[in-house]
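*Asks:* Sequence plus the predicted model coming up.
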Amino acid sequence: MPQIELTYKGLWKGVDTSLPETDIDPAASPFINNFILRKGEIRTRFACKNICLAPPDQTPVLGLTSFVDANNLVHTVAITQLGVYQLSYAFSGPNYKSSGRNPWLVVFNFPSTQTTIPYSIGNFQGSIFFTNGSPNVWKWNGISNVVTNVGILSTGTCGASYLMELAGRIVLASTIEVAAGVITINPFRVRWSAVNLASTTFDPATNIGAGFNDELDCPDTITGILPIGRTGYVFRSNGITEMLPTSGQGLAFDFNHLWASDRGIGNAYPQTLAGFGPLGIFGSGEAFYKITPNSFDDISKGATDEILTDIFNRTGSASSTILPYFSTKYPYTVYMLNIQIGNDTVQWIHDLKEGSWTRNTFKDKFFTCKPKYVFIS
Amino acid sequence: MSFGPPNLDGDINPPSGGTGGGSGTGSGPGSNPTIDLSNITSTGGLDGIDGVVLVFGKTEFFPLAIGWQFDSEDFNCEEDAEYHFKVEEIQPYTQPTVDKVIFRYRDIGQATFSCFFAGNVLSDSKISKIVTIVVGGKNDKKIYTATADLTCTFEAPQLIVTRNAFDGPLSLIKVLVEIEQGDRTLP
């Protein structure tokens, strides 16, 4: 009888259920759990280790970032529903981690409880700006002991679900505004500040150049925003609108929807949009897409059904981030999608360099914020 | 540097440049901890030397939220792991016999894993015996070879590799499977 030698080797192509399991590429797999694929290796995934307690107010941590202040010092900031905290310098000291002490220092307590939506955080001009669907845009520069609300209008305050910087302005999308005690939710609205982020507010009456635009020519609501180059992409449930800076009088941005069908390619799951360098990735109703200034590609391919099944089964949020590296010694550029199912987290990893999708599970752990590379010393 | 007793309610901020711990200023669960603004210095913060991938979350059985690190220097993950290779359809209506499985792996520490074949015999789903293999331990990052004596005769065999939680960091480079094709028997 003839002898056959089957060889399986990389580059590994990850989960592929687009064909019967007899017909997929030998480097692909119909099922992966807790293995990652990188540089031709099938490797058990990175360990998930408890390294500290969360900030002590017992509300979920909804935002996490590190930024450099004007004194060139780094602040690692965790934001809950009740307050803003920074990581103590003492955390990197000997025996601190094993001591069980809480390393988070209170910077600021919000005057009222913020929502449970993940914070959208921008880091501009040595300050962080953040908002999460409450009628405030908070700013902290790491130097002052005051966190200020810059979401100011002549009639009240404003905040949003999403925040980015474009053309020297802070841009808010899907806003919530309070005037004379009346709260107005504007899921179609994009609002921007005047140029000069350091001292601006969002009030066109007092800040020339500030303004807003309602995306009323589209049938769906805003689910995310992302700047790539000088173009802002406003993601809707079933479409995308471009916003381009203008140089003339009138509105600071020109808005054009790329498409406006009531069923189409859009950011269907609000927190699945993530950007990195010249690209953004988002989850539409039928696939995951990568958008760059000159391309638009379906990247989920063979793993689409499995990913969307996990999203369908979610009991909490599905949120994503792009991590360029896990440490300075371990570049591993991945789009990481975390889906809460019960008390567990299912994590899909898309390797941006090799194109594969793999699936991890974290039993009895559900994440409340997006994973982030942050400084701890 | 000395440290006080565990304090779950939060420390005060460190002095300028930050070098120490401190006594607690916290309050009870569910309320905002007390702020001592005099302790928040304009230069509080970190040097920005070491970074980690950090995420916060909760578990069902511990009342406090936790910060977890995704540790890229430790691949001995805390969960079971499983990888399914493609199903091999050598030729319809044949039952190929697997003779041997050869693994090429990188030694990133000692790992214990199992491998077996799933397949069909007379339209019934079957699995082979499960072979447990221990590899590595030198942690020299070099590539080595391990063999599994795994014999089975299945239609459409599929190699499956599993590793139990905390059973070591496993890094497979290549897998070779020696098979005798078998005679074709048309119905």
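*Replies:* Great, that's in hand.
*Asks:* in the stretch 201-350 of chain A, what spans have low per-residue confidence?
*Replies:* Scanning the stretch 201-350 of chain A with the threshold set as pLDDT under 70 gives A:248-249.
*Asks:* Around chain B, pick out the residues from it.
*Replies:* A:323, A:326, A:327, A:328, A:329, A:330, A:332, A:338, A:343, A:345 (CB under 8 Å from any CB of the partner chain). Quick note: C-beta positions are derived from backbone N, CA and C, even for glycine.
*Asks:* what about burial for those, which qualify?
*Replies:* A:323, A:326, A:327, A:332, A:338, A:343, A:345 (16 or more other CB atoms under 10 Å in any protein chain shown).
*Asks:* which stretches of chain B form strands?
*Replies:* Here chain B has its strands, by DSSP state E, at B:51-59, B:62-71, B:81-87, B:97-106, B:111-121, B:124-127, B:131-135, B:143-148, B:152-153, B:155-163, B:171-180.
*Asks:* In CSV: those strands, plus mean neighbour count, mean pLDDT and distance to chain A.
*Replies:* Listed next are those as CSV, based on neighbours: other CB atoms under 10 Å in any protein chain shown; pLDDT from 0 to 100; distance: least, CB to the nearest CB, whole Å:
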stretch, mean neighbour count, mean pLDDT, distance to chain A
strand B:51-59, 23, 95, 4
strand B:62-71, 18, 92, 3
strand B:81-87, 22, 98, 4
strand B:97-106, 19, 96, 6
strand B:111-121, 19, 95, 7
strand B:124-127, 11, 92, 13
strand B:131-135, 16, 97, 12
strand B:143-148, 15, 97, 10
strand B:152-153, 18, 92, 11
strand B:155-163, 21, 96, 6
strand B:171-180, 20, 96, 4
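*Asks:* picking up where we left off before, just give me the closest of the buried ones among the residues of the stretch 201-350 of chain A next to chain B to residue A:353.
*Replies:* Set against residue A:353, the nearest of these by CB to CB is residue A:332 (8.7 Å).
*Asks:* the longest helix in chain A is where?
*Replies:* Criterion DSSP state H: the longest helix present in chain A is helix A:304-312.
*Asks:* What lies in contact with that one?
*Replies:* A:15, A:17-18, A:269, A:283, A:286-288, A:300, A:318, A:337, A:339, A:341, A:346, A:348, A:357, A:359 (CB atoms under 8 Å, 6 or more residues apart in numbering or on different chains).
*Asks:* And the buried ones among those residues, selectable in ChimeraX?
*Replies:* To isolate the buried members of the contacts of helix A:304-312 in ChimeraX, using 16+ other CB under 10 Å:
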select /A:15,17,269,283,287,288,300,318,337,339,341,346,348,357,359
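*Asks:* Among the contacts of helix A:304-312, name the ones in strands.
*Replies:* A:15, A:283, A:288, A:318, A:337, A:339, A:341, A:346, A:348, A:357, A:359.
*Asks:* Most widely separated two among those?
*Replies:* A:288 and A:341, at 18.1 Å, using CB to CB across those.
*Asks:* where does the stretch 1-150 of chain A dip in pLDDT?
*Replies:* A:1.
*Asks:* Helices along that one, start to end?
*Replies:* A:96-99 (DSSP state H, counting those that start in this stretch).
*Asks:* and the residue positioned nearest the centre of chain B, what is it in contact with?
*Replies:* When CA atoms, centre = their mean is applied to chain B, the residue found nearest the centroid is residue B:77 (3.0 Å). Neighbour list for residue B:77: A:34, A:44, A:45, A:46, A:47, A:48, B:165, B:166 [criterion: CB under 8 Å, 6+ apart].
*Asks:* The same query, at a cut-off of 6 Å, please.
*Replies:* A:34, A:44, A:45, A:47 (CB atoms under 6 Å, 6 or more residues apart in numbering or on different chains).
*Asks:* With respect to residue A:252, which of those residues is nearest?
*Replies:* residue A:45 (44.9 Å).
*Asks:* Tell me if I am right that residue A:260 is in a helix.
*Replies:* No: counting by DSSP: H, G, I helix; E, B strand; the rest coil, residue A:260 is not found in a helix; it is coil.
*Asks:* pretty sure residue A:64 is in contact with residue A:77, am I right?
*Replies:* No: when contacts are counted by CB atoms under 6 Å, residue A:64 is not listed as touching residue A:77 (7.2 Å).
*Asks:* Tell me which residue of the stretch 1-150 of chain A lies closest to chain B.
*Replies:* Per CB to the nearest CB, residue A:89 is where the stretch 1-150 of chain A lies closest to chain B, at 2.7 Å.
*Asks:* That residue: neighbour count?
*Replies:* Around residue A:89 there are 25 other residues, counting by other CB atoms under 10 Å in any protein chain shown.
*Asks:* Check the separation of the first and last residues in stretch A:287-304.
*Replies:* Terminal residues of stretch A:287-304 lie 6 Å apart, using CA to CA, to the nearest Å.
*Asks:* buried ones in that stretch?
*Replies:* Per 16+ other CB under 10 Å, stretch A:287-304 contains these buried residues: A:287, A:288, A:289, A:290, A:291, A:299, A:300, A:301, A:302, A:303, A:304.
*Asks:* what's the most distant pair in these?
*Replies:* Greatest spatial distance in the buried residues of stretch A:287-304: A:291 and A:302, 20.2 Å, computed using CB to CB.
*Asks:* Bridge partners for the closest residue in space to residue B:48 that isn't next to it in sequence, pull those for me.
*Replies:* Of all residues not flanking residue B:48 in the chain, residue A:74 sits nearest, at 3.5 Å (CB to CB, 6 or more residues apart in numbering or on different chains). Assessed by DSSP bridges, residue A:74 has beta-bridge partners residue A:68, residue B:46.
*Asks:* which ones are touching the closest residue to residue A:330 other than its chain neighbours?
*Replies:* Nearest non-adjacent residue to residue A:330, counting by CB to CB, 6+ apart: residue B:72, 3.9 Å away. Residue B:72 sits next to A:46, A:326, A:327, A:330 when contact means CB under 6 Å, 6+ apart.
*Asks:* again, but for residue A:31
*Replies:* By CB under 6 Å, 6+ apart, the neighbours of residue A:31 are residue B:84.
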